[in-house]
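Engineer: Sharing a model prediction with you, sequence too.
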Amino acid sequence: MKHFLDIHTTDKAELRSIIDQARSMKTARNDRPKGAPDDDQPLAGRMVALIFEKPSTRTRVSFDVGVRQMGGQTMVLSGKEMQLGHGETIADTARVLSRYVDLIMIRTFEEATLLEMAEYATVPVINGLTNRTHPCQIMADVMTFEEHRGPIAGKKVVWIGDGNNVCASVIHGAGQFGYDFTFSGPPTLDPELQALEFARAQGVRAEIVRDPAKAVEGADLVIADTWVSMHDPQSAKERRHNQLRGYQVNEALMAQARPESLFMHCLPAHREDEVTSAVMDGPHSVIWDEAENRLHAQKAVMRWCLGV
Ligand code: CP
Ligand code: NVA
């Protein structure tokens, strides 16, 4: 069973093959209309359940469109409307869904929910974001970097802000794709040590530099994300903003990175908080390609899961 649960728990060579397939599938579509089918229909006859316990725009639409382009069918389920949200166990939900669908994608809160779903499902399960990680995002980010700048191995990737779920997956990506990683944010919002240790164990640098201007020196890629994630209490907002005010990605900060550096953000962004519009809409930014590549990367992830 090939679940896609995390970057660090998926084999390096297989991650690379998924990125390669995503690139060739993107090229093969050759800008045809979004609703037009791919030439091969690898998901013909397959049914995919997309479960959301949190809001989503990109993940929801890109998975749905991706399945349809590959000839499969989807059902988008909201956790709240399922019995799952009213006391049915995750294990029982997994067992039942496996009798109806060929693949399950779930966006949830606790990582334990994802892992339990994978344990009891008899079909592959894909992590569409948990409080802890967001592996599909990093597949799209690596693909996007390489489209613009060639191999990401050996490059310097800098995360500015909150050491959150997306950050953890970027760190896992350092270990698996061979780039160096620098985190810059306040000590109270450091990324999890386990992720940094995983990356270091793979032989790449994974460091913390508090001063954001120093952190981005020599950066090939600068990444920001929201200062308050969906799993954070809204009451944390004001405190977060106070803690992170010095960690905004703006033109002055980008000027400290390499001239050819790229800027990414998984989106949704809060313009003028974690990043200015001047950077989001400026020459370093590849955020729209990054968003588009969610589609291509996840199509390749689904094919890998199903072995088709
Ligand atoms: N980046 C991302 O996962 O966006 P959504 O929350 O809109 O799915
Ligand atoms: N860190 C953000 C990412 C959203 C795609 C969150 O979890 O809300």
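Structural biologist: Done, it's in. Numbers count the residues shown, from 1 in each chain. Ligands and ions are numbered 1, 2, ... in the order given.
Engineer: Around ligand 1, which positions in this protein sit nearby?
Structural biologist: On the criterion C-beta under 6 Å from any ligand atom, ligand 1 has as its neighbours in the chain the residues 56-59, 129, 137, 266-268. Every C-beta, even on glycine, is put in place using the N, C-alpha and C of the backbone.
Engineer: Please list only the buried members of those residues.
Structural biologist: Of the members of the residues of the chain next to ligand 1, the ones counted as buried by neighbours, 16 or more other C-beta atoms under 10 Å, are 56, 58-59, 129, 137, 266-267.
Engineer: Could you measure from residue 231 over to residue 17?
Structural biologist: From residue 231 across to residue 17, the span is 31 Å (C-beta to C-beta, to the nearest Å).
Engineer: Tell me where the stretch 51-200 of the chain has helices.
Structural biologist: 58-69, 90-100, 111-120, 135-149, 165-177, 193-201 (DSSP state H, counting those that start in this stretch).
Engineer: Only alpha carbons, please: show the fifth one as PDB.
Structural biologist: Listed in PDB are the C-alpha atoms of helix 165-177, where the atom choice follows Å, rounded to 0.1, in the frame of the first residue of the first chain:
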ATOM      1  CA  ASN A 165       3.300  22.700   9.400                       C
ATOM      2  CA  VAL A 166       4.400  23.900   6.000                       C
ATOM      3  CA  CYS A 167       7.800  24.800   7.400                       C
ATOM      4  CA  ALA A 168       8.200  21.300   8.800                       C
ATOM      5  CA  SER A 169       7.600  19.800   5.400                       C
ATOM      6  CA  VAL A 170      10.100  22.200   3.800                       C
ATOM      7  CA  ILE A 171      12.600  21.000   6.300                       C
ATOM      8  CA  HIS A 172      11.800  17.300   5.500                       C
ATOM      9  CA  GLY A 173      12.300  18.300   1.900                       C
ATOM     10  CA  ALA A 174      15.800  19.600   2.600                       C
ATOM     11  CA  GLY A 175      16.700  16.100   3.800                       C
ATOM     12  CA  GLN A 176      15.100  14.300   0.900                       C
ATOM     13  CA  PHE A 177      15.900  16.700  -2.000                       C
END
